[in-house]
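Peer 1: have a look at this prediction, sequence included:
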Amino acid sequence: MKKNNFFKSLKFKTSIGPEIFRIFIVIISTIIYGIGLGWFIEASSVRTYAGGIPGIAQLIADIVKLSNNGELAEGTRSIIMFIAILGLNIPIFILGWFGVSKRFTIYSIISVTLQAIIIGYIKVDIFKGVEPSLLAVFGGALIGLGIGIAMKFGTSTGGFDVVSQYISLKKGRSVGRISTGLNLVIAVVGAILYGVEAGVTEAGLILLYTLLTLFATMIVIDQVHTTYKYIEFNIITDQPEEMAAKIIEVVKRGVTILDGRGGYTLQDRSMIYLIVMNFERHKLLTVVKSVDPDAFIVSKPVASISGNFWKKTVA
C-alpha cells in the first residue's frame, strides 16, 4: 500500500506538478503583460499601440471611436477590446494546436482569456499624465517581459507570439524580431488612422512612440526568451555507455562518445558530446547526475547548427 502511494506521489510530481507550475507561469506572465498594456500603454496621452492581437484590438476600438465623431464610452471600449482579443486569437489557436503543440495552445487559451479580462476591465489611472516616451519604454518592456517569461517556460501569452513561436521552431529565427516585424504594420496603420484625423505631426508621434514600445518589447523578449537556442555539452565520465543510453532514452538526443586520456592521471577517460535545445538543459543535467554524480560537465552556447538535428516543441 505504501509502495503504491509512493508511486502515485512520484507520478504527481513528475506529471501534474510541472503543469501546475506552468499554469502559475501563465498567470504571472499574463498579469505582467496586461499591466504593461492596460496601465502604461493605454494611459499615454499620445495614442500608442502595443502590437500583436491587443494592438489590433486597439485599432478596432479606435476605428469605432473615430467613426463615432471621436467619442467612445470607456465601457464600450472595454467590451470591444475583450471581444477582439478573444475572437482574433481563434485562428492563431488553430495554428498553435497543429503547428506548435496542443499543450502550448491550451496555455495560450488560458492566458488570452485572462489577458482580455485584465486589458478590458482591470485598469488604473495612476500613470496618466506621465511622459509618453517613458510609458512607451516601460510598457513595452513589461509586455516583452510577460511574453519572454511565458515562452521561456513553454507557455504563451497568445497572439503573434504563437505565430512567432511557430516560425522560430520551423526556421530558427529570432522570436522578438519576428514579432516586431509583424507588429510594424499595426504601427503604420495606427499612424495613418490618426494622421487623417489629427494631422501629420500627431501621426509622427504615434508612429514614434509605437516603434519605441515595439523596440523595448523586442529587446526584452530576446533577453529573456532562449527556448530555441542551442547548447553544446561535453561530459567527461567513467560510465560512457550507461550515460549515453540514458540520455538517448530520456532526453531523446543522439550522442557521440570520444575516447581520451587524463593529462594528470594518464588514465583512459571518455567524453560524451551532444547538442540540446536550451529548454532541455535541466533534463540533461538531471540524467547526467543520476548516472555519474562526479561527471565533469562543460557547456557553451551554439550560434547555429545544420544537418540532422531535430527541433522539438517546448511542450
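Peer 2: That came through fine.

Peer 1: contact partners for the nearest residue to A84 once chain neighbours are set aside?
Peer 2: In space, and not counting its chain neighbours, A84 is closest to A57: 3.7 Å by CB to CB, 6 or more residues apart in numbering. All C-beta spots, glycine's among them, are computed from the backbone N, C-alpha and C. Each residue near A57 by CB atoms under 8 Å, 6 or more residues apart in numbering is listed here: I80, M81, A84, I85, L88, I119.

Peer 1: and the strands in the stretch 151-300 of the chain?
Peer 2: Under the criterion DSSP state E, counting those that start in this stretch, the stretch 151-300 of the chain contains strands at 230-237, 256-261, 268-277, 296-302.

Peer 1: care to break the protein down by domain?
Peer 2: Per automatic domain parsing, the structural domains of the chain span 2-224, 230-302.

Peer 1: which of these is buried the deepest?
Peer 2: Most buried of those, by mean neighbour count (mean count of other CB atoms under 10 Å): domain 2-224, with a mean of 19.

Peer 1: any idea how far that domain is from the chain center?
Peer 2: 10 Å (CA atoms, centre = their mean, to the nearest Å).

Peer 1: three-state assignment of L72?
Peer 2: coil (DSSP: H, G, I helix; E, B strand; the rest coil).

Peer 1: residue contacts, it?
Peer 2: Counting by CB under 8 Å, 6+ apart, L72 touches A61, V64, K65.

Peer 1: isn't the second one up against I80?
Peer 2: Yes - counting by CB atoms under 8 Å, V64 sits close enough to I80 to count as a contact (6.2 Å).

Peer 1: in this structure, which spans are helices?
Peer 2: 2-11, 17-35, 52-67, 74-99, 102-121, 132-152, 160-171, 175-198, 200-224, 240-250, 281-291 (DSSP state H).

Peer 1: I119: what's it in contact with?
Peer 2: Neighbour list for I119: G34, L37, G38, E42, P54, A57, M81, F82, I85 [criterion: CB under 8 Å, 6+ apart].

Peer 1: not counting sequence-adjacent ones, nearest residue to E241?
Peer 2: Leaving out its chain neighbours, the residue that sits closest to E241 by CB to CB, 6+ apart is I257, at 7.6 Å.
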